[in-house]
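>>> What shape does this take:
(2 chains)
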Amino acid sequence: MNQYAYYPGCSMKGNSRHYEESILPVFREVGLPLEELDDWNCCGATAYFSVDDMLAAAICGRNLSLAEQINRDIIAPCAGCYLTLRKSNDFLTGPHPKASKILSDLKNAGCEYHGTVGVKHPLEVLKSDVGFDKIKALVRRKLGGWKVACYYGCQLVRPYTDFDDPDYPTSLDALMAAAGAHPVDYAGKTRCCGGSLTGTIEEVGLRLNYILLKEAKRKGADCMVTICPLCQFNLEVTQAKIARTFRDDVGMPILYFSQVLGLAFGIEKKELGFSRSIIPLKPLWEKLGNGGSR
Amino acid sequence: MRIERKVKYEEELDGNFLTEIKDMSGCREIDGCIQCGTCSSSCPMAVYMDHPPRKIIAMIKNGFRDEALRSFTIWLCPSCYTCQVRCPAKIKITDVMYALKRLAIQQKVYPSRFAIPVLDREMSHLIARYGRNSELWLILRLYLKSRHPLAMLKMAPLGLKLMKTGRMSLRRESIKNRKQLRSIVNAVREGAR
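The predicted structure follows:
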């Protein structure tokens, strides 16, 4: 099994610390403890490609080099980080005439990079390195028939399509089923949440998220399960405004897949960051029956 | 009502625009566009756009430089890559949008105080300088440079909720080895000159 360097990115240290809080114990449980990449820098996300694509690749190159120096592949739980690092990796090791210049700039700064690092999202690692059979075997707690809408968003399944289908992916549904939850047939699973547009053009963000939330509710989901900090944030924090704008209080809890998985593994509820939810989780705990204790 | 000519004469077009875009990263395949419209019909943002993606590609191919660079379309692209994976001509449409954004920023042809390019630039500044993004600082800078500062007050209820759940940090994040990052950033910028 591979050893991974954990690349948190800005969100896991900020608004989505419950993603970090839940993914670390989950990966300990599956036998792949995650060690944080020392002195990682931000990936630049969609912003840097819009401003300077050469610098965007170069700053990601620093992270790739740091991982190469300790001989690890990178695991990036944020779909934005995952895509940005992977895209930069392809650029730096590809035929683009400017790639070699950037590699030599990196080398001169002490960040030599030979292109040996792979970039993966935890969902992919759980699917290919761990396997859903092992996940099933680790389940210690019943989820009380939770119906979940699995939301993949954009950048985990696109533009790279080697890990799952870009329009109708199924790996998160299979993982949630292995954990004992009941995935609903969710048509919005790869429809965009608007990304940073939610913070810049409110009307766009509200409508896109409302479409996603309403579809999940229509399918009878008790909660939505996400794999990306920005998706989680958008779907959760827009709900108050959506209730006012569209006169429809959806009240949909938005969890990270790692929180649900950790719960199924029997990890203490308080160790999985559930207290950081803005939408009340009471209906979920009631369905769980015993209040979620081990 | 003002009567204006609605059609551009050929001499007003930029004959080099296509070549310029094709030389930018990810834009090589743009020639292959068959104007099928799969991109426009796949785009979750198309309903907000002044020109849908198919038209933007046609504009590039035909030298409508100003129209493409001044279009809201390029800023509304959230990089969801739906059009890109569906394009039968394998055009990396998201990368084409990125290329147009870069040109528009370089040539300062976006509306001033328009939030999306402001956010892109501010986030890039923060990262080039400190190596890390700090969510609160980014939002502050976004508001100062794109909105009325008092608009921040509207964000207060959300800010409080995030504070209460420990999801907002006041700290400015930074990497340890800023010197190394600075030398990378400077070297790449030098090389681009």
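
>>> all strands for the stretch 101-250 of chain A, in order.
Along the stretch 101-250 of chain A, the stretches classed as strands by DSSP state E, counting those that start in this stretch are A:119-120, A:147-151, A:182-183, A:223-226.

>>> Show me the contact partners of the third one.
I take that to be strand A:182-183. Applying C-beta atoms under 8 Å, 6 or more residues apart in numbering or on different chains, the contact partners of strand A:182-183 are A:145, A:146, A:147, A:148, A:149, A:150, A:172, A:173, A:176, A:177. Every residue, glycine included, has its C-beta placed from N, CA and C.

>>> Each with direction, which strands does that strand pair with?
strand A:147-151 (parallel) (DSSP bridges).

>>> next one: the last one
Strand A:223-226 has the following sheet partners, assigned by DSSP bridges: strand A:147-151 (parallel), strand A:254-256 (parallel).

>>> if we can go back for a sec, farthest-separated two in the contacts of strand A:182-183?
Spatially, the most separated pair among these is A:145 and A:172, at 18.3 Å (C-beta to C-beta).

>>> Looking at the two now, which is surrounded by more residues?
A count of neighbours by other C-beta atoms under 10 Å in any protein chain shown puts residue A:172 above the other of residue A:145 and residue A:172, at 25 against 12.

>>> Would you mind giving me the confidence score for residue A:293?
In this prediction, residue A:293 carries a pLDDT score of 44.

>>> Equivalent analysis for residue A:1, please.
48.

>>> cool, the one 4 residues further on as well?
The model reports residue A:5 with a pLDDT of 98.

>>> Dead centre of chain B: give me the residue that sits there.
Chain B has residue B:101 as the residue nearest its centroid, 4.2 Å off, counting by C-alpha atoms, centre = their mean.

>>> how about it, what does it touch?
Applying C-beta under 8 Å, 6+ apart, the residues contacting residue B:101 are A:49, A:50, A:51, B:74, B:75, B:77, B:117, B:120.

>>> mind redoing it with 7 Å?
Contacts were defined as C-beta atoms under 7 Å, 6 or more residues apart in numbering or on different chains; by that measure residue B:101 touches A:50, B:74, B:75.

>>> Kindly report the same for residue A:27.
Going by C-beta under 7 Å, 6+ apart, residue A:27 touches A:33, A:34.

>>> re the thing from before, quick check, nearest of the contacts of strand A:182-183 to residue B:146?
residue A:149 (33.3 Å).

>>> Go ahead and confirm that closest one touches residue A:222.
No: at 8.9 Å, residue A:149 and residue A:222 do not qualify as touching, with contact defined as C-beta atoms under 7 Å.

>>> And those two? Which one has more around it.
Set side by side, residue A:149 and residue A:222 show more neighbours around residue A:149, with 29 against 25, by other C-beta under 10 Å.

>>> who does the more buried one bridge with?
Counting by DSSP bridges, residue A:149 forms beta bridges with residue A:224.

>>> confidence score at it?
98.

>>> re earlier: phi and psi next, for the residue nearest to the centre of chain B.
Recorded main-chain torsions at residue B:101 are phi -60, psi -40, according to degrees, to the nearest 10.

>>> again, but for residue A:35
When read as degrees, to the nearest 10, the backbone of residue A:35 gives phi -110, psi 130.

>>> Spatially nearest residue to it, not counting backbone neighbours?
residue A:6 (6.1 Å; C-beta to C-beta, 6 or more residues apart in numbering or on different chains).

>>> Would you check that that neighbour makes contact with residue A:38?
No: assessed by C-beta under 7 Å, residue A:6 is found out of contact with residue A:38, at 10.5 Å.

>>> Assign residue A:87 to helix, strand or coil.
What DSSP: H, G, I helix; E, B strand; the rest coil gives for residue A:87 is helix.

>>> Same question for residue A:74.
strand.

>>> Tell me, how many residues neighbour it?
Residue A:74 is flanked by 25 other residues according to other C-beta under 10 Å.

>>> And for the residue nearest to residue A:35, the neighbour number?
22.

>>> With residue B:163 instead?
Residue B:163, neighbours per other C-beta under 10 Å, totals 13.

>>> Quickly note the distance from it to chain A.
Going from residue B:163 to chain A by C-beta to the nearest C-beta, to the nearest Å gives 11 Å.

>>> Buried ones in the helix or strand where that residue lies, by neighbour count?
For residue B:163, the host element (DSSP states H and E) is helix B:156-164. Buried residues in helix B:156-164, counted by 16 or more other C-beta atoms under 10 Å in any protein chain shown: residue B:162.
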